[in-house]
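Enquirer: this is a predicted model, with the sequence first.
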Amino acid sequence: MMSTTGSRAGRRRLSVALTAAASGVALLALAGCTPSSASAGDDKIGGTAHLSVFAQQGAGQDLATNAFTKEVAKKFNIDFTWQTTTQDSSVAPEKRQILMASGDYPDAFLLIPWVDQFNQVDVEKLAQQGVAVPLNDLIKQYAPDIQKVLDSNADYKAMATSPDGKIYGLPQLAETQHIQYPSKLWINTDWLKKLNLSMPKTTEDMKKVLEAFKDGDPNGNGAKDEIPLSGDSHDTLIPYFMNAFIYDPQNPDKGIQSTTVLNKGKVDIQANKDGWRDGLKYIRSLWQAGLIDKGAFTQNPAALAQEGNNAGPVVLGSASALHPYIFVSPGAKDGRDKQYDAVPPLTGPDGADYATYAFGSTPGATFLLTNKASKNDQVAAIKLVNYLFTEKGQLDGNFGPEGKGWAKAAASDKALDPSEKPAFTNLQLSQDAANAVQWGALSTYNQNAAFRGSQAVPTDIYDTSGYERRLFDATQLYKGHEDTSQVYPTWRVWPDPAKATQIATQQTNIDNYVTQNALAFITGSKNIDTDWDSYVKGFDGLGLKDYLSSLQTAYDKSKK
């Protein structure tokens with residue numbers, strides 16, 4: 001979705017590509033965004049297409065009566081039959097799995113990646129079974145705007161193209177910069193000013209600031225009720241601090257605890273390295289000093305928000321989160337939502353100052369055509385999705401019709417990205433109004449950096465209307481601090497379906513082991529000095545060597 005705050009649930013989706021395969025899904029098993037002058041979407045095909053579609057719709061939304069549905073139905077001569085499920089990621093996957101297992105599946109799927117989608121293993125299995133229809137020829141003949149993105153964006157092409165060279169489904173392309181740097185720390189700068197402190201630059205600076213928050217009564221109520229640092233089980237604070245010691249690829253916003261990296265071209269993990277141990281020691285020192293909230297690693301986001309929205313005085317000094325509205329509500333009467341700013345990557349004792357990078361798009365398929373679709377239906381469906389790759393399709397689909405959901409930018413407007421020209425303004429419809437006229441996240445297929453950066457956004461970053469700019473500006477502090485040589489490109493790597501279940505099990509076991517032991521070392525239930533060697537040896541029993549070998553094979557194939 002274009003709106004940052006509109007999909008709290010969206011940023012929580014667990015996106016490890018193999019997990020669903022292990023849990024039973026496998027039973028059946030942006031360069032330019034200007035519309036092409038040769039738009040295929042304006043040509044109606046022979047006769048009405050009767051298209052059955054499975055999709056996820058939001059609370060209060062009815063895709064059958066939605067204004068954007070009516071727009072594309074008329075444009076492409078489609079008679080839709082909708083099968084829908086909720087956008088609740090804890091419920092939606094099961095309904096799709098049951099549908100596929102029954103054999104009574106629809107002509108097409110239109111899904112949302114942070115709710116549920118087909119992963120790469122699903123796509124390959126459905127292709128082998130003849131359920132998923134190859135899209136290559138349809139795209140070449142009827143979808144010039146999709147083809148343009150495939151030709152100009154190597155990462156997207158790799159995500160969409162299976163190892164046999166065919167495209168059996170299309171993922172959404174999302175280049176939202178602030179989501180690509182998820183491990184941020186937000187600090188109460190009002191407290192910094194009150195205590196005459198500077199923004200911390202090093203790990204030692206940070207410790208001194210947190211100590212001052214704990215003991216200096218920055219909220220001025222005379223009570224020692226301040227929480228210097230907090231987080232939640234989704235927005236774990238480990239990656240932000242770990243990056244001052246060793247590059248940490250964990251994406252807490254997507255629930256990924258894996259520390260898989262490339263080490264001089266070889267697949268490896270970080271969690272058994274000396275730098276990892278040093279990072280845990282530092283976080284342990286903060287814990288021992290009472291600077292980290294006791295619930296920071298185990299509480300849910302709602303509990304973190306209770307700390308940020310405390311009914312009395314402000315008590316939260318800093319929190320790890322993708323964005324501030326996770327832990328403090330916008331438009332607070334006392335203005336506390338305006339008090340938090342991003343802390344740049346901290347520099348550790350050996351000079352490390354990394355930032356976690358997360359590829360914005362999820363590999364797999366949100367659009368998939370099945371063998372139930374007639375040729376007529378296939379053509380209509382691919383023309384529809386091609387429209388979602390055009391600028392107008394993105395604007396109308398995400399926001400609603402021009403003049404109601406969005407407007408052309410004025411000459412005086414400022415683009416979100418200063419390097420882009422302002423193109424449009426999001427008119428910020430209420431949820432009820434939006435439900436009636438837009439598809440929202442369901443239509444987010446070509447939101448490349450240029451498209452997102454061209455949105456006109458107010459310049460007051462502390463007003464709710466300027467929130468996107470606040471996040472964009474904050475992200476510039478982190479951008480460029482990732483270690484590109486160590487990023488394992490999961491989005492380009494297609495795992496071997498024959499080993500998918502085994503790899504998924506190994507990954508889950510390794511990730512759980514890393515998480516559990518990190519917390520044990522931080523909280524002191526394990527001694528990091530005396531128990532470290534046995535912890536490292538414990539990876540042998542989890543199949544780490546075989547796991548890394550399987551990922552290496554898949555990675556080497558992807559390079560070819």
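Expert: Perfect, thanks for sending it. Numbering: from 1, shown residues only.
Enquirer: gap between residue 76 and residue 374?
Expert: Between residue 76 and residue 374 the distance is 14 Å, computed by Cβ to Cβ, to the nearest Å. Where C-beta positions appear, they are placed from N, C-alpha and C, glycine not excepted.
Enquirer: buried set for the helix ranked longest in the chain?
Expert: Taking DSSP state H as the criterion, the chain has its longest helix at helix 500-523. Residues of helix 500-523 classed as buried by neighbour count (16 or more other Cβ atoms under 10 Å): 500-511, 513-515, 517-523.
Enquirer: same question for stretch 190-206.
Expert: 190, 191, 192, 197, 200, 203, 205, 206.
Enquirer: how many residues are close by residue 366?
Expert: Neighbour count for residue 366, taken as other Cβ atoms under 10 Å: 26.
Enquirer: for it, which non-adjacent residue is spatially closest?
Expert: Counting by Cβ to Cβ, 6 or more residues apart in numbering, residue 366 lies nearest to residue 111, which is 4.3 Å off, once chain neighbours are set aside.
Enquirer: circling back to that earlier point, more neighbours, residue 76 and residue 374?
Expert: Each of residue 76 and residue 374 has its neighbours counted (other Cβ under 10 Å); residue 76 has more, 24 against 12.
Enquirer: what's the pLDDT at the more buried one?
Expert: We have a pLDDT of 97 for residue 76.
Enquirer: confirm for me that it is in contact with residue 49.
Expert: Yes - counting by Cβ atoms under 8 Å, residue 49 is a contact partner of residue 76 at 7.1 Å.
Enquirer: quickly list what's touching both of the two.
Expert: residue 380 (Cβ atoms under 8 Å, 6 or more residues apart in numbering).
Enquirer: most remote residue from the middle of this structure, which is it?
Expert: residue 222 (40.8 Å; Cα atoms, centre = their mean).
Enquirer: wait, a helix at that one?
Expert: No - using DSSP: H, G, I helix; E, B strand; the rest coil, the assignment for residue 222 is coil, not a helix.
Enquirer: now it: phi and psi?
Expert: phi 80, psi 0 (degrees, to the nearest 10).
Enquirer: for the closest residue to residue 446 other than its chain neighbours, give me the pLDDT.
Expert: Leaving aside its chain neighbours, residue 446 sits nearest to residue 389 (4.3 Å; criterion: Cβ to Cβ, 6+ apart). You'll see residue 389 listed with a pLDDT of 98.
Enquirer: where are the low-confidence patches of this structure?
Expert: 1-45, 253-257 (pLDDT under 70).
Enquirer: would you map the strands across it?
Expert: 49-56, 78-85, 108-110, 173-174, 185-188, 260-263, 266-269, 318-320, 340-343, 367-369, 406-408, 424-426, 446-447 (DSSP state E).
Enquirer: closest to residue 137 out of those?
Expert: strand 367-369 (11.9 Å; Cβ to Cβ).
Enquirer: now the closest one: buried residues?
Expert: Result for strand 367-369 [16+ other Cβ under 10 Å]: buried residues 367, 368, 369.
Enquirer: what's that strand packed up against?
Expert: Secondary-structure packing of strand 367-369 (3 or more Cβ pairs under 8 Å, 6 or more residues apart in numbering; DSSP states H and E): strand 108-110, helix 375-388.
Enquirer: what residues does that strand touch?
Expert: Contacts of strand 367-369 (Cβ under 8 Å, 6+ apart): 107-111, 118, 123, 126, 132-133, 135, 138, 168-170, 378, 381-382, 385, 445.
Enquirer: any idea how far residue 546 lies from residue 423?
Expert: In terms of Cβ to Cβ, residue 546 sits 50 Å off from residue 423.
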